[in-house]
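Enquirer: Got a predicted structure here, sequence first:
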Amino acid sequence: MKKRLFYLDFIRAVAVISIVLTHYNAVFFYRAVQLPEKTVFTYMVGGIPIGSWGVSLFLIISGAALMYTYNDSICLKTFYKKRLLTLFPMFYLVYSMVFFVLPLGYRAFSSGIIPRKNILFTLIGMDGYLSEVVPTFYLVGEWFLGFIILLYIIFPLLRKGVTEYPKSFAVISLMVYIFLVFNYHIPFHKEKFLLLRLPEVLFGMYFVKYMKKVSVITLIGSLCVFFSGTLFSIQIDQIFKITLIGISSFLILVYVSEKVKNKYTVSVSAFLCKYSYAIFLVHHVIIDSFMSRINLDLIGLKKSYAFFFVCLVLIGIASMSVYKLDSIINKKIFNK
(Lines give C-alpha, C1' and ligand atoms only; values in the text may rest on other atoms or scores of the structure.)
Protein backbone atom coordinates (compact mmCIF):
# COMPACT_ATOMS: atom_id res chain seq x y z
CA MET A 1 0.00 0.00 0.00
CA LYS A 2 1.30 3.41 -0.96
CA LYS A 3 2.12 6.03 1.65
CA ARG A 4 -0.68 8.55 2.15
CA LEU A 5 0.00 12.05 0.86
CA PHE A 6 -0.86 14.50 3.62
CA TYR A 7 -1.63 17.36 1.28
CA LEU A 8 -4.38 15.31 -0.39
CA ASP A 9 -5.95 14.52 2.98
CA PHE A 10 -5.60 18.13 4.08
CA ILE A 11 -7.21 19.57 0.96
CA ARG A 12 -9.96 16.95 0.99
CA ALA A 13 -10.72 17.95 4.59
CA VAL A 14 -10.89 21.62 3.57
CA ALA A 15 -13.20 20.72 0.68
CA VAL A 16 -15.48 18.67 2.95
CA ILE A 17 -15.84 21.59 5.35
CA SER A 18 -16.52 24.00 2.48
CA ILE A 19 -19.31 21.82 1.06
CA VAL A 20 -21.02 21.45 4.44
CA LEU A 21 -20.69 25.19 4.98
CA THR A 22 -22.18 25.81 1.53
CA HIS A 23 -25.34 23.85 2.21
CA TYR A 24 -25.78 25.36 5.65
CA ASN A 25 -25.51 28.90 4.30
CA ALA A 26 -27.77 27.99 1.38
CA VAL A 27 -30.79 27.93 3.70
CA PHE A 28 -30.43 31.70 4.03
CA PHE A 29 -30.37 32.26 0.28
CA TYR A 30 -32.92 29.87 -1.20
CA ARG A 31 -35.94 31.64 0.25
CA ALA A 32 -38.21 34.54 -0.71
CA VAL A 33 -36.24 37.03 1.40
CA GLN A 34 -32.50 36.32 1.47
CA LEU A 35 -30.57 36.71 4.73
CA PRO A 36 -26.86 36.88 3.80
CA GLU A 37 -26.06 38.64 7.08
CA LYS A 38 -26.85 35.39 8.94
CA THR A 39 -24.45 33.16 7.02
CA VAL A 40 -21.52 31.71 8.95
CA PHE A 41 -17.87 32.34 8.09
CA THR A 42 -18.21 33.09 4.36
CA TYR A 43 -20.13 32.14 1.24
CA MET A 44 -17.51 33.37 -1.25
CA VAL A 45 -13.86 32.34 -1.74
CA GLY A 46 -11.59 33.91 -4.32
CA GLY A 47 -14.53 35.71 -5.88
CA ILE A 48 -16.53 32.51 -6.52
CA PRO A 49 -19.21 30.77 -4.40
CA ILE A 50 -17.64 28.57 -1.73
CA GLY A 51 -19.60 25.58 -3.05
CA SER A 52 -18.03 25.97 -6.50
CA TRP A 53 -14.66 26.37 -4.82
CA GLY A 54 -15.08 23.20 -2.78
CA VAL A 55 -16.22 21.18 -5.80
CA SER A 56 -13.22 22.39 -7.78
CA LEU A 57 -10.88 21.23 -5.01
CA PHE A 58 -12.68 17.87 -4.92
CA LEU A 59 -12.21 17.44 -8.67
CA ILE A 60 -8.51 18.24 -8.50
CA ILE A 61 -7.80 15.94 -5.55
CA SER A 62 -9.91 13.20 -7.15
CA GLY A 63 -7.70 13.30 -10.22
CA ALA A 64 -4.57 13.51 -8.08
CA ALA A 65 -5.57 10.65 -5.76
CA LEU A 66 -6.55 8.35 -8.63
CA MET A 67 -3.31 9.11 -10.48
CA TYR A 68 -1.24 8.54 -7.35
CA THR A 69 -2.90 5.20 -6.70
CA TYR A 70 -2.78 3.96 -10.31
CA ASN A 71 0.38 5.67 -11.50
CA ASP A 72 2.31 2.47 -12.12
CA SER A 73 -0.41 0.14 -13.40
CA ILE A 74 -4.16 -0.41 -13.47
CA CYS A 75 -6.24 -3.57 -13.68
CA LEU A 76 -9.58 -2.51 -15.11
CA LYS A 77 -11.55 -5.31 -13.44
CA THR A 78 -10.11 -4.54 -10.01
CA PHE A 79 -10.45 -0.79 -10.52
CA TYR A 80 -14.13 -0.83 -11.47
CA LYS A 81 -15.00 -3.41 -8.80
CA LYS A 82 -13.37 -1.28 -6.11
CA ARG A 83 -15.15 1.87 -7.33
CA LEU A 84 -18.54 0.10 -7.32
CA LEU A 85 -18.06 -1.23 -3.80
CA THR A 86 -16.83 2.14 -2.58
CA LEU A 87 -19.76 4.14 -3.94
CA PHE A 88 -22.94 2.11 -4.19
CA PRO A 89 -23.49 0.12 -0.97
CA MET A 90 -23.27 3.26 1.17
CA PHE A 91 -25.33 5.26 -1.32
CA TYR A 92 -28.10 2.63 -1.32
CA LEU A 93 -27.96 2.46 2.48
CA VAL A 94 -28.36 6.21 2.98
CA TYR A 95 -30.94 6.52 0.22
CA SER A 96 -33.07 3.76 1.73
CA MET A 97 -32.93 5.36 5.17
CA VAL A 98 -33.92 8.78 3.85
CA PHE A 99 -36.58 7.34 1.53
CA PHE A 100 -38.44 5.64 4.37
CA VAL A 101 -37.72 8.09 7.20
CA LEU A 102 -38.63 11.26 5.34
CA PRO A 103 -42.09 11.29 3.74
CA LEU A 104 -40.85 13.20 0.70
CA GLY A 105 -39.28 10.20 -1.03
CA TYR A 106 -42.12 7.73 -0.58
CA ARG A 107 -44.77 10.31 -1.46
CA ALA A 108 -42.97 11.19 -4.68
CA PHE A 109 -42.71 7.52 -5.63
CA SER A 110 -46.31 6.61 -4.78
CA SER A 111 -47.90 9.73 -6.27
CA GLY A 112 -47.05 8.76 -9.83
CA ILE A 113 -46.03 12.33 -10.72
CA ILE A 114 -42.57 11.09 -11.59
CA PRO A 115 -42.50 8.00 -13.87
CA ARG A 116 -41.54 5.04 -11.70
CA LYS A 117 -39.18 3.76 -14.37
CA ASN A 118 -37.01 6.78 -13.55
CA ILE A 119 -35.94 4.99 -10.39
CA LEU A 120 -33.31 3.56 -12.73
CA PHE A 121 -31.45 6.88 -12.49
CA THR A 122 -31.31 6.40 -8.72
CA LEU A 123 -30.10 2.81 -9.02
CA ILE A 124 -27.13 3.91 -11.14
CA GLY A 125 -26.40 6.93 -8.91
CA MET A 126 -27.24 9.52 -11.57
CA ASP A 127 -30.48 10.95 -10.16
CA GLY A 128 -28.88 14.07 -8.66
CA TYR A 129 -26.74 14.69 -11.73
CA LEU A 130 -29.68 14.48 -14.14
CA SER A 131 -32.36 16.04 -11.93
CA GLU A 132 -32.32 19.38 -13.75
CA VAL A 133 -33.09 17.82 -17.13
CA VAL A 134 -35.31 14.83 -16.24
CA PRO A 135 -37.67 14.07 -13.32
CA THR A 136 -35.89 11.81 -10.82
CA PHE A 137 -36.30 10.49 -7.30
CA TYR A 138 -33.22 12.37 -6.17
CA LEU A 139 -32.86 12.54 -2.38
CA VAL A 140 -29.17 12.18 -1.46
CA GLY A 141 -25.75 12.41 -3.02
CA GLU A 142 -25.86 15.77 -4.84
CA TRP A 143 -25.06 16.10 -8.55
CA PHE A 144 -21.41 15.50 -7.74
CA LEU A 145 -22.01 11.77 -7.20
CA GLY A 146 -23.11 11.29 -10.80
CA PHE A 147 -20.15 13.31 -11.99
CA ILE A 148 -17.72 11.13 -10.02
CA ILE A 149 -19.30 7.98 -11.48
CA LEU A 150 -18.71 9.34 -14.99
CA LEU A 151 -15.17 10.31 -14.03
CA TYR A 152 -14.43 6.79 -12.80
CA ILE A 153 -15.75 5.36 -16.06
CA ILE A 154 -13.37 7.40 -18.19
CA PHE A 155 -10.39 7.54 -15.80
CA PRO A 156 -8.46 4.70 -17.48
CA LEU A 157 -8.60 6.68 -20.75
CA LEU A 158 -7.49 9.87 -19.00
CA ARG A 159 -4.65 7.98 -17.34
CA LYS A 160 -3.50 6.64 -20.72
CA GLY A 161 -3.44 10.15 -22.16
CA VAL A 162 -1.55 11.63 -19.20
CA THR A 163 1.05 8.86 -19.03
CA GLU A 164 1.62 8.07 -22.71
CA TYR A 165 0.89 11.35 -24.50
CA PRO A 166 1.28 14.01 -21.77
CA LYS A 167 1.95 17.08 -23.92
CA SER A 168 -0.41 16.44 -26.82
CA PHE A 169 -3.16 15.24 -24.48
CA ALA A 170 -2.86 18.38 -22.36
CA VAL A 171 -3.01 20.64 -25.43
CA ILE A 172 -5.99 18.85 -26.97
CA SER A 173 -7.88 18.84 -23.65
CA LEU A 174 -7.26 22.55 -23.19
CA MET A 175 -8.41 23.33 -26.74
CA VAL A 176 -11.62 21.33 -26.25
CA TYR A 177 -12.21 23.12 -22.95
CA ILE A 178 -11.76 26.61 -24.45
CA PHE A 179 -13.91 25.77 -27.46
CA LEU A 180 -16.75 24.51 -25.27
CA VAL A 181 -16.66 27.52 -22.96
CA PHE A 182 -17.28 29.84 -25.89
CA ASN A 183 -19.62 27.53 -27.79
CA TYR A 184 -21.72 25.96 -25.08
CA HIS A 185 -25.38 25.65 -26.06
CA ILE A 186 -26.44 22.57 -24.10
CA PRO A 187 -29.41 22.96 -21.69
CA PHE A 188 -27.32 21.61 -18.83
CA HIS A 189 -25.50 23.62 -16.17
CA LYS A 190 -21.93 24.37 -17.23
CA GLU A 191 -20.47 23.50 -13.84
CA LYS A 192 -21.82 19.97 -14.11
CA PHE A 193 -20.68 19.23 -17.68
CA LEU A 194 -17.86 16.69 -17.61
CA LEU A 195 -15.70 18.05 -20.44
CA LEU A 196 -15.73 21.55 -18.92
CA ARG A 197 -14.38 20.21 -15.62
CA LEU A 198 -11.67 17.97 -17.05
CA PRO A 199 -8.93 20.64 -16.75
CA GLU A 200 -9.28 20.47 -12.95
CA VAL A 201 -9.23 16.66 -12.88
CA LEU A 202 -6.31 16.54 -15.31
CA PHE A 203 -4.39 19.19 -13.39
CA GLY A 204 -4.52 16.97 -10.31
CA MET A 205 -3.30 14.02 -12.37
CA TYR A 206 -0.46 15.99 -13.97
CA PHE A 207 0.52 17.47 -10.62
CA VAL A 208 0.99 14.05 -8.99
CA LYS A 209 2.69 12.59 -12.05
CA TYR A 210 5.05 15.39 -13.00
CA MET A 211 5.08 18.34 -10.55
CA LYS A 212 4.77 16.79 -7.08
CA LYS A 213 5.77 19.97 -5.20
CA VAL A 214 4.96 23.68 -5.17
CA SER A 215 7.87 26.09 -5.47
CA VAL A 216 7.88 29.59 -4.02
CA ILE A 217 7.54 31.06 -7.52
CA THR A 218 4.49 28.87 -8.19
CA LEU A 219 3.05 29.90 -4.83
CA ILE A 220 3.44 33.60 -5.62
CA GLY A 221 1.79 33.15 -9.01
CA SER A 222 -1.07 31.22 -7.43
CA LEU A 223 -1.58 33.89 -4.79
CA CYS A 224 -1.73 36.56 -7.50
CA VAL A 225 -4.41 34.61 -9.38
CA PHE A 226 -6.38 33.91 -6.19
CA PHE A 227 -6.37 37.49 -4.92
CA SER A 228 -7.12 38.92 -8.34
CA GLY A 229 -10.36 36.96 -8.17
CA THR A 230 -11.00 38.23 -4.64
CA LEU A 231 -10.16 41.88 -5.13
CA PHE A 232 -11.20 42.59 -8.70
CA SER A 233 -14.38 41.95 -10.66
CA ILE A 234 -12.76 40.41 -13.72
CA GLN A 235 -15.29 39.93 -16.50
CA ILE A 236 -14.58 36.41 -17.67
CA ASP A 237 -16.80 33.37 -18.02
CA GLN A 238 -17.63 31.92 -14.60
CA ILE A 239 -16.31 28.48 -15.52
CA PHE A 240 -12.93 30.03 -16.42
CA LYS A 241 -12.88 31.77 -13.07
CA ILE A 242 -13.77 28.61 -11.16
CA THR A 243 -11.04 26.65 -12.94
CA LEU A 244 -8.37 29.30 -12.29
CA ILE A 245 -9.33 29.91 -8.66
CA GLY A 246 -9.67 26.19 -7.99
CA ILE A 247 -6.24 25.34 -9.40
CA SER A 248 -4.52 28.31 -7.72
CA SER A 249 -6.20 27.39 -4.40
CA PHE A 250 -5.03 23.80 -4.73
CA LEU A 251 -1.43 24.92 -5.24
CA ILE A 252 -1.64 27.32 -2.29
CA LEU A 253 -3.09 24.63 -0.04
CA VAL A 254 -0.43 22.11 -1.09
CA TYR A 255 2.21 24.61 0.03
CA VAL A 256 0.34 25.49 3.22
CA SER A 257 -0.19 21.83 4.11
CA GLU A 258 3.54 21.31 4.56
CA LYS A 259 3.74 24.30 6.90
CA VAL A 260 0.85 23.23 9.13
CA LYS A 261 1.62 19.51 9.17
CA ASN A 262 1.70 18.12 12.70
CA LYS A 263 0.09 15.24 14.58
CA TYR A 264 -3.10 17.25 15.15
CA THR A 265 -3.67 18.36 11.56
CA VAL A 266 -2.76 14.90 10.30
CA SER A 267 -5.25 13.33 12.72
CA VAL A 268 -8.11 15.74 11.95
CA SER A 269 -7.55 15.51 8.19
CA ALA A 270 -7.44 11.71 8.30
CA PHE A 271 -10.66 11.65 10.34
CA LEU A 272 -12.53 13.90 7.90
CA CYS A 273 -11.22 11.95 4.92
CA LYS A 274 -12.29 8.64 6.44
CA TYR A 275 -15.88 9.84 6.77
CA SER A 276 -15.90 12.26 3.82
CA TYR A 277 -18.16 10.16 1.58
CA ALA A 278 -20.63 9.50 4.39
CA ILE A 279 -20.62 13.22 5.22
CA PHE A 280 -21.22 14.00 1.57
CA LEU A 281 -24.26 11.70 1.48
CA VAL A 282 -25.97 12.79 4.70
CA HIS A 283 -25.07 16.43 5.31
CA HIS A 284 -27.65 18.29 3.22
CA VAL A 285 -30.49 16.04 4.40
CA ILE A 286 -29.61 16.72 8.02
CA ILE A 287 -29.14 20.45 7.46
CA ASP A 288 -32.43 20.78 5.59
CA SER A 289 -34.35 18.68 8.13
CA PHE A 290 -32.96 20.55 11.13
CA MET A 291 -33.06 24.09 9.75
CA SER A 292 -36.59 23.68 8.35
CA ARG A 293 -37.76 23.67 11.97
CA ILE A 294 -36.11 27.01 12.69
CA ASN A 295 -37.73 30.40 12.08
CA LEU A 296 -34.81 31.98 10.25
CA ASP A 297 -36.29 35.47 10.50
CA LEU A 298 -36.06 35.39 14.29
CA ILE A 299 -32.48 34.21 14.78
CA GLY A 300 -29.35 36.35 14.91
CA LEU A 301 -25.80 35.62 13.80
CA LYS A 302 -24.78 34.09 17.14
CA LYS A 303 -27.66 31.61 16.99
CA SER A 304 -26.81 30.87 13.39
CA TYR A 305 -23.31 29.82 14.46
CA ALA A 306 -24.82 27.76 17.28
CA PHE A 307 -27.17 25.97 14.89
CA PHE A 308 -24.28 25.37 12.51
CA PHE A 309 -22.40 23.68 15.36
CA VAL A 310 -25.44 21.53 16.14
CA CYS A 311 -25.66 20.53 12.47
CA LEU A 312 -21.98 19.54 12.54
CA VAL A 313 -22.54 17.31 15.56
CA LEU A 314 -25.58 15.65 13.96
CA ILE A 315 -23.71 15.18 10.66
CA GLY A 316 -20.78 13.67 12.54
CA ILE A 317 -22.97 11.18 14.42
CA ALA A 318 -24.90 10.23 11.28
CA SER A 319 -21.74 9.88 9.17
CA MET A 320 -19.95 7.63 11.65
CA SER A 321 -23.07 5.49 12.04
CA VAL A 322 -23.51 5.14 8.28
CA TYR A 323 -19.81 4.33 7.85
CA LYS A 324 -20.04 1.61 10.50
CA LEU A 325 -23.16 0.08 8.94
CA ASP A 326 -21.59 0.18 5.50
CA SER A 327 -18.48 -1.59 6.83
CA ILE A 328 -20.63 -4.34 8.32
CA ILE A 329 -22.59 -4.75 5.07
CA ASN A 330 -19.45 -4.89 2.96
CA LYS A 331 -17.88 -7.42 5.29
CA LYS A 332 -20.96 -9.65 5.45
CA ILE A 333 -22.01 -9.51 1.80
CA PHE A 334 -18.96 -8.56 -0.26
CA ASN A 335 -16.20 -9.78 2.07
CA LYS A 336 -14.55 -6.39 1.62
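Expert: Arrived safely.
Enquirer: which residues sit in contact with residue 161?
Expert: When contacts are counted by CB atoms under 8 Å, 6 or more residues apart in numbering, residue 161 touches 169, 173. For every residue, glycine as well, the C-beta is placed using N, CA and C.
Enquirer: Identify the residue nearest residue 25 in space, chain neighbours excluded?
Expert: Nearest in space to residue 25, with sequence neighbours left out and distances taken as CB to CB, 6 or more residues apart in numbering, is residue 39 at 4.2 Å.
Enquirer: residues contacting the one you found?
Expert: Residue 39 touches 25, 28-29, 304, counting by CB under 8 Å, 6+ apart.
Enquirer: In helices only, show me those residues.
Expert: 25, 304 (DSSP state H).
Enquirer: so which of the contacts of residue 39 would you say is closest to residue 50?
Expert: residue 25 (7.6 Å; CB to CB).
Enquirer: if I look at the closest one, how far off is residue 315?
Expert: 15 Å (CB to CB, to the nearest Å).
Enquirer: Residue 75 now?
Expert: Separation of residue 75 from residue 315 (CB to CB) stands at 35 Å.
Enquirer: out of the two, which sits in the more crowded spot?
Expert: Using other CB atoms under 10 Å as the criterion, residue 75 and residue 315 rank with residue 315 on top: 23 against 11.
Enquirer: which residues touch the more buried one?
Expert: By CB under 8 Å, 6+ apart, the neighbours of residue 315 are 20, 279, 282-283, 286-287.
Enquirer: quick one: low-confidence ranges for the stretch 51-200 of the chain?
Expert: 103-112 (pLDDT under 70).
Enquirer: What ranges does it have for its helices?
Expert: When secondary structure is read from DSSP state H, counting those that start in this stretch, the stretch 51-200 of the chain shows helices at 76-101, 103-111, 119-123, 127-130, 142-164, 166-182, 194-206.
Enquirer: for stretch 290-301, what is the average pLDDT?
Expert: Average pLDDT, stretch 290-301: 89.
Enquirer: ignore the last one, stretch 30-42
Expert: For stretch 30-42, the mean confidence score works out to 83.
Enquirer: and the end-to-end length of that stretch?
Expert: Criterion CA to CA, to the nearest Å; first-to-last residue distance in stretch 30-42 is 16 Å.
Enquirer: The closest residue in space to residue 250 that isn't next to it in sequence: neighbour count?
Expert: Sequence neighbours aside, residue 60 is the residue nearest to residue 250 in space, at 4.7 Å (criterion: CB to CB, 6+ apart). Neighbour count of residue 60, defined by other CB under 10 Å: 30.
Enquirer: Isn't residue 60 up against residue 203?
Expert: Yes: shown here, residue 60 and residue 203 form a contact pair, counting by CB atoms under 8 Å, at 5.8 Å.
Enquirer: Spit out the residues that contact these two alike.
Expert: With CB under 8 Å, 6+ apart as the test, residue 60 and residue 203 both reach 247, 250.
Enquirer: how near is the nearest residue to residue 177 once chain neighbours are set aside to residue 212?
Expert: Take residue 177 and drop its neighbours on the chain: the residue closest to it by CB to CB, 6+ apart is residue 199, 5.2 Å away. Per CB to CB, residue 199 is found 19 Å from residue 212.
Enquirer: now residue 45
Expert: From residue 45 to residue 212 the distance is 25 Å (CB to CB).
Enquirer: again, but for residue 158
Expert: Remark: distance between residue 158 and residue 212 (CB to CB) = 19 Å.
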